[in-house]
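**Q** quick one, structure for this:
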Amino acid sequence: MLGEAVDRVAAVAGDEDSARYRLGRAVARMEAAASAPEMFGRVAIAQTMRDVAPDLMDLLGTAASLPVGANGAADDGAAEYIFRLAGPTGIYGGTLEVFRNMIAQHALGLGRPSYSPPAKRPA
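**A** Sure thing, here's the model as predicted:
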């Protein structure tokens with residue numbers, strides 16, 4: 001989905017150097033995320049969607065905010081669809097923070113995070 005959205009944006013984004021740079025960066029991030037294994041990939045893909053979708057919409061302008069099937073939607077609404085899908089993708093099956101903690105504990109061997117407030121010192 002994200003790859004198709006980037007292709008559609010590239011077809012209409014123009015030949016400005018800044019647009020080509022941003023699209024190239026988006027493609028590089030997508031490739032890196034797609035090649036990451038297991039839980040690393042889940043976090044990388046979800047985070048990449050969250051980071052790349054606003055860039056795609058920005059490159060297309062205001063017409064990118066129209067949904068799929070709407071008259072005048074840039075790239076037939078693909079960038080808007082990815083933008084709406086990006087937020088929940090980080091939540092389905094556990095939040096990105098949970099997966100990051102799992103990576104830290106299981107893959108990197110780090111300790112569990114402590115979310116409790118700091119202990120108060122006796123007066």
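
**Q** for the nearest residue to residue 75 once chain neighbours are set aside, pull up the helix or strand it's in.
**A** Counting by Cβ to Cβ, 6 or more residues apart in numbering, residue 75 lies nearest to residue 8, which is 3.7 Å off, once chain neighbours are set aside. The C-beta positions use only the backbone N, C-alpha and C, and glycine is treated the same way. Secondary structure from DSSP states H and E places residue 8 in helix 2-12.

**Q** average pLDDT across that helix?
**A** The pLDDT scores in helix 2-12 average 82.

**Q** what sits up against it?
**A** 23, 26-27, 30, 48-49, 52-53, 56, 59-60, 74-76, 78-79, 81-82 (Cβ atoms under 8 Å, 6 or more residues apart in numbering).

**Q** quick check: buried residues in the lengthiest helix in the chain?
**A** With secondary structure taken from DSSP state H, the chain has its longest helix at helix 38-60. The neighbour-count criterion (16 or more other Cβ atoms under 10 Å) identifies 39, 42-50, 52-53, 55-57, 59-60 as the buried residues of helix 38-60.

**Q** for the following helix or strand past that helix, what does the pLDDT average out to?
**A** Once helix 38-60 ends, the next helix or strand along the chain (criterion: DSSP H and E) is helix 78-89. Regarding helix 78-89, the rounded mean pLDDT is 88.

**Q** kindly report the same for stretch 30-49.
**A** The pLDDT scores in stretch 30-49 average 91.

**Q** ok, residues contacting that stretch?
**A** With contact meaning Cβ under 8 Å, 6+ apart, stretch 30-49 is reached by 2-3, 6, 29, 52, 82, 85-86, 89-90, 93, 96, 99-100, 102-103, 107.

**Q** any idea how far it is from the chain center?
**A** Mean-position distance between stretch 30-49 and its chain equals 9 Å (Cα atoms, centre = their mean, to the nearest Å).

**Q** CA atoms only for that stretch - export them in CSV, please.
**A** Coordinates of the C-alpha atoms in stretch 30-49 are reproduced here as CSV (Å, rounded to 0.1, in the frame of the first residue of the first chain):
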residue,chain,number,x,y,z
MET,A,30,10.3,2.0,3.2
GLU,A,31,13.0,-0.3,1.9
ALA,A,32,14.8,-0.3,5.2
ALA,A,33,11.6,-1.0,7.1
ALA,A,34,10.4,-3.7,4.8
SER,A,35,13.7,-5.6,5.1
ALA,A,36,13.8,-5.5,8.9
PRO,A,37,13.0,-9.0,10.4
GLU,A,38,10.3,-10.0,12.9
MET,A,39,9.3,-7.5,15.6
PHE,A,40,11.9,-5.0,14.4
GLY,A,41,10.0,-4.9,11.1
ARG,A,42,6.7,-4.4,12.7
VAL,A,43,7.9,-1.3,14.5
ALA,A,44,9.9,0.0,11.6
ILE,A,45,7.0,-0.3,9.1
ALA,A,46,4.5,1.3,11.4
GLN,A,47,6.8,4.1,12.3
THR,A,48,7.7,4.6,8.6
MET,A,49,4.0,4.9,7.7
